[in-house]
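>>> below are the sequence and a predicted model; questions follow.
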Amino acid sequence: MESLKPCPFCNQPGTLERTRDISHYWVPMCSNARCGCRLCAWPTRREAAQAWNERAATITTTTTTATTEN
Ligand SMILES: [Zn+2]
């Protein structure tokens, strides 16, 4: 299974939760309830994990670029 990167906003571990409706999609979200970071639902666990990791990577890269530019 894909390992999830930490949340780009609060650095807590990411997690996957299944929707309660009939689709039973996977929703990538932050394990920190007070953070509330979550993405849209995906049909498979793997796609949800990839979406979370890409989102985390995008934000981390943006932040890194901004701080390393002089
Ligand atoms: Zn978070």
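Okay, I see it.
>>> name the SS class of the closest residue to Arg38 other than its chain neighbours, please.
Closest residue to Arg38 apart from its sequence neighbours, by Cβ to Cβ, 6 or more residues apart in numbering: Met29 at 3.7 Å. In this view, the C-beta of every residue, glycine as well, is placed from N, C-alpha and C. At Met29 the chain is in strand, as set by DSSP: H, G, I helix; E, B strand; the rest coil.
>>> and the protein, which residues reach the ion?
Cys7, Phe9, Cys10, Cys30, Asn32, Cys35, Cys37 (Cβ under 5 Å from the ion).
>>> number of nearby residues for the residue nearest to Arg38?
20 (other Cβ atoms under 10 Å).
>>> for it, list each beta-bridge partner.
Thr15, Arg38 (DSSP bridges).
>>> before we move on, back to that, out of the residues of the chain next to the ion, which end up buried?
For the residues of the chain next to the ion, a neighbour count by 16 or more other Cβ atoms under 10 Å gives the buried set as Cys7, Cys30, Asn32, Cys37.
>>> can you check the pLDDT for the residue nearest to Arg38?
pLDDT, Met29: 96.
>>> contacts only, for it.
Gly14, Thr15, Leu16, Glu17, Cys37, Arg38, Leu39, Trp52 (Cβ atoms under 8 Å, 6 or more residues apart in numbering).
>>> the last one and Pro28 touch, don't they?
Yes: applying Cβ atoms under 8 Å, one finds Trp52 in contact with Pro28, separated by 3.5 Å.
>>> shared neighbours of these two, anything?
In contact with both Trp52 and Pro28: Leu4, Gly14, Leu16, Leu39, using Cβ under 8 Å, 6+ apart.
>>> most neighbours, which of those?
Neighbour-wise, those (other Cβ under 10 Å) top out at Gly14, 24 neighbours.
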